[in-house]
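Enquirer: Need the 3D shape of this:
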Amino acid sequence: MHRLPAALLAAALALPLLAAAAAYPDRPAALRGVEFIRTTQQPDGGFGPLGQTMDAIYAIRAAGLDPNTLATDGKTPATYLRANAASASGPAAAAKAALGARALGLDPRNIEGADLIAKIEAAFVPGTGRFAEDDFSQSISMIGLACSGVAAPSTAIRALREAQLADGGWGFGGFSDADTTAIAIQALVASGVPRGDSSVAKGVAYLQATQAADGGWGYGGASNASSTAFAIQGLIAAGEQVESAAYVKVGATPIAFLLSQQNPDGSFKGFDVAFATNQAVPALAGRGFCETSTTPITPVPAIVPPGPPATGSGLAEPAAQGVLFLVAGLALVGVGSVTLISRRGAR
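Expert: Numbering: from 1, shown residues only. Just a heads-up that it's a prediction; the model follows:
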């Protein structure tokens, strides 16, 4: 499997006290997550199916690394997207691919001739304001447009607002859940709805009311990393401070819960550790879907001495050096600050 140099990983994992005490965002923990994600890269340059590959791209970019520098047998995530963009079927899948394109620095309107924005727009039904029947896919479709600089139709915004349930959440089959609610909040805010809007406020109130005693959120059950990560992203989009007293439950915060779910290899616990890790990393990095593509890439400072010769790990040397510098810098200053998709059908 492809990994960052062992010494680098050891240095990152040797900072448990720093990770616990560092101000949010927690980039050291996010980087440990990326180290695991690297091990899931496939020979085609992707990280599994289209949706999961896009999630991995967001995570890597949200952590401040350039996914274009990660390669297996010379194939990068961009290689994968160019080969698979045309296969994105449905507006939510196209929206995820469009977000992935932006994170890679590609034009979502022309990926080897595939126009991902046109794919999203083609699914829109003006009479209903819907891109998709379910609220999760509706929200992802709106995010894909808005974060690509294309205004979501006003009727789409209205349809999503009207789908909000009495308890303030959004979900499937008339039942609210944290995942869909968090995505809907991001979609509304990305589409220009003010953070102080009643729909956003009610969504935030739903997330506050459903936060578990351990600081996390679950999907109809115990807290899990994926749902908690989604909730964190939604709250950030709404302008909430997820480490504030409002989100402290029996001494635990959402970030503390998320960190408690990280395994020694950097992955996160879940029904699918790759899926959970892809969701958790952007949340720990403090980045929503729209902010992922604008996350500053860690530069390679001149003070970092040259690393050892490349060993075929697939990670470009500058990126590895940049992370090494970050870990060293964090050990000195005690701060990790770099200014986060889909559980459902877009996978």
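Enquirer: contacting residues for the spatially most central residue of the chain?
Expert: Centroid check for the chain by C-alpha atoms, centre = their mean gives Pro282 as the closest residue, at 4.0 Å. By C-beta atoms under 8 Å, 6 or more residues apart in numbering, the residues touching Pro282 are 30, 58-59, 62-63, 229, 233, 288-289, 292, 340. C-beta here means a position set from N, CA and C on the backbone, and glycine is covered the same way.
Enquirer: What is the nearest of these to Ala86?
Expert: Within the contacts of Pro282, proximity to Ala86 (C-beta to C-beta) peaks at Tyr58, which comes in at 20.6 Å.
Enquirer: Quickly note the distance from that closest one to Ala101.
Expert: 11 Å (C-beta to C-beta, to the nearest Å).
Enquirer: same deal with Ser227?
Expert: 27 Å.
Enquirer: you'd agree Ala229 is up against Phe275?
Expert: No. The pair Ala229 / Phe275 is not scored as a contact, 10.4 Å apart, by C-beta atoms under 8 Å.
Enquirer: When the two are compared, which one has more neighbours?
Expert: Ala229 (30 against 21; other C-beta atoms under 10 Å).
Enquirer: The residue nearest to Ala86 when sequence neighbours are not counted pairs with what?
Expert: Excluding its sequence neighbours, the residue lying closest to Ala86 (C-beta to C-beta, 6 or more residues apart in numbering) is Ala114, at 4.3 Å. In this entry, Ala114 is beta-bridged to Ile111, by DSSP bridges.
Enquirer: what number of residues lie near Ala114?
Expert: By other C-beta under 10 Å, 20 other residues sit near Ala114.
Enquirer: That one touches Ala83, doesn't it?
Expert: No. Using C-beta under 8 Å, Ala114 is not in contact with Ala83; the gap is 10.4 Å.
Enquirer: So which residues of the stretch 201-347 of the chain form helices?
Expert: 225-237, 254-260, 273-285, 289-292, 317-333 (DSSP state H, counting those that start in this stretch).
Enquirer: and these, which one is worst for confidence?
Expert: Mean pLDDT per stretch puts helix 317-333 lowest among those, at a mean of 31.
Enquirer: Provide a list of residue ranges in the stretch 151-300 of the chain with pLDDT below threshold.
Expert: 299-300 (pLDDT under 70).
Enquirer: now the strands for it?
Expert: Counting by DSSP state E, counting those that start in this stretch, the stretch 151-300 of the chain has strands at residues 170-172, 175-177, 217-218, 223-224.
Enquirer: Pipe these into a markdown table and attach distance to Phe271 per row.
Expert: Output for the strands of the stretch 151-300 of the chain, formatted as a markdown table (distance: least, C-beta to C-beta, whole Å):
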| stretch | distance to Phe271 |
| --- | --- |
| strand 170-172 | 17 |
| strand 175-177 | 15 |
| strand 217-218 | 12 |
| strand 223-224 | 8 |
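Enquirer: Figure out which of these is closest to Gly46.
Expert: With C-beta to C-beta as the yardstick, what comes closest out of these is strand 223-224 (24.6 Å).
Enquirer: and Ile297, how many neighbours?
Expert: 15.
Enquirer: For the remainder of this discussion, apply numbering that starts at 39.
Expert: Sounds good: first residue 39 from here, last item Ile335.
Enquirer: wait, doesn't it sit right on Ala100?
Expert: No. Between Ile335 and Ala100 there is no contact under C-beta under 8 Å: 11.3 Å.
Enquirer: And Ala190, how far from Gln176?
Expert: Counting by C-beta to C-beta - Ala190 and Gln176 are separated by 10 Å.
Enquirer: Give the intersection of the neighbour lists for those two.
Expert: Ala225.
Enquirer: Secondary structure element holding Leu119?
Expert: Element membership for Leu119, per DSSP states H and E: helix 115-122.
Enquirer: quick one: average pLDDT of that helix?
Expert: On average, helix 115-122 scores 99.
Enquirer: what's the burial count for Ala216?
Expert: Neighbour number of Ala216 under other C-beta under 10 Å is 28.
Enquirer: sorry, back to before: residues contacting the residue nearest to Ala124?
Expert: 123-124, 126.
Enquirer: So what's the residue count around Ser331?
Expert: The number of residues near Ser331, taken as other C-beta under 10 Å, comes to 20.
Enquirer: was I right about it contacting Arg140?
Expert: Yes. Judged on C-beta under 8 Å, Ser331 makes contact with Arg140 at a distance of 4.1 Å.
Enquirer: what touches both of these two?
Expert: With C-beta under 8 Å, 6+ apart as the test, Ser331 and Arg140 both reach Cys185.
Enquirer: just for the stretch 39-188 of the chain, where's the confidence low?
Expert: For the stretch 39-188 of the chain (pLDDT under 70), the answer is 39-61.
Enquirer: what about the strands in it?
Expert: Using DSSP E, counting those that start in this stretch, strands in the stretch 39-188 of the chain do not occur.
Enquirer: circling back: can you redo the contacts of Ala152 as a markdown table, where the extra columns are neighbour count and distance to Gly254?
Expert: Output for those, formatted as a markdown table (neighbours: other C-beta atoms under 10 Å; distance: C-beta to C-beta, whole Å):
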| residue | neighbour count | distance to Gly254 |
| --- | --- | --- |
| Ala123 | 24 | 34 |
| Ala124 | 15 | 38 |
| Ala126 | 25 | 31 |
